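S.K.: here's my sequence, what's the structure:
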Amino acid sequence: MAQLHVIGELVGGKDFPSCDLFCKFGLVTGPDWRLLEGHESGQTQVDHPTMSNMAQWSHPIDVHYATKGVQGWPKIHLEVWHHDTFGRSEIYGYGFCHVPTTPGMHTVDVATWRPVGNVFQQAQSYFVGGGLQLRAPELVYTGVDRPRLQTEAMGTVVLELGVITHNFENYGVETVST
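M.R.: Numbers count the residues shown, from 1 in each chain. Model prediction:
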């Protein structure tokens, strides 16, 4: 079987409207992929940057997959959350990216967005807190019904990923190092 090993980190989030951010993440693959080692989901700590506009998470990502083809290549989906002074958490952004397909080190910037509602929902969010959330978080990476959503751009999540491939050439897939 071909193997894919992804080693890296969720570096941090930048250009969000405020501080005190944390990130929930997960990896999603097709049915022909099997996780050999590692954790496909996790959550960072809350960071409150004082010197820059980037929350530093430095959360490790280390997964090892086996597969017989490239269909269903792994995707990383992200949820950035804001932790306010009252201890409440609200969604600050959704985003996703595909794991790079070429072996080597990669810096990946993931743009995030969040849904916006009507005027009443926006006023409620401002005064009560919270904000709109997706009922089905898989909308982030599947794209079904996503064009119908009204959204606003948020910040960027930075990933540093090292990709190692093994035996893909046995399944007719050329891999070229960067």
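
S.K.: what's the longest strand in the protein?
M.R.: strand 151-166 (DSSP state E).

S.K.: in that one, what's buried?
M.R.: Buried residues in strand 151-166, counted by 16 or more other C-beta atoms under 10 Å: 154-159, 161-163, 165. No exception for glycine: its C-beta is placed from N, CA and C like everyone else's.

S.K.: wait, which of those residues is closest to residue 172?
M.R.: residue 165 (13.3 Å; C-beta to C-beta).

S.K.: the closest one and residue 6 touch, don't they?
M.R.: No: if you go by C-beta atoms under 8 Å, residue 165 and residue 6 don't touch, sitting 10.1 Å apart.

S.K.: shared neighbours of those two, anything?
M.R.: Here residue 165 and residue 6 have no joint contacts, going by C-beta atoms under 8 Å, 6 or more residues apart in numbering.

S.K.: quick one: the strands in the protein?
M.R.: So, for the chain - with DSSP E - the strands run 2-14, 21-28, 34-38, 41-43, 54-67, 75-83, 89-98, 104-115, 151-166.

S.K.: could you check how far the third one is from the centre of its chain?
M.R.: Strand 34-38 has its C-alpha centroid displaced from the chain centroid by 18 Å (C-alpha atoms, centre = their mean, to the nearest Å).

S.K.: so for the longest strand of the chain, mean pLDDT?
M.R.: If you average the pLDDT over strand 151-166, you get 95.
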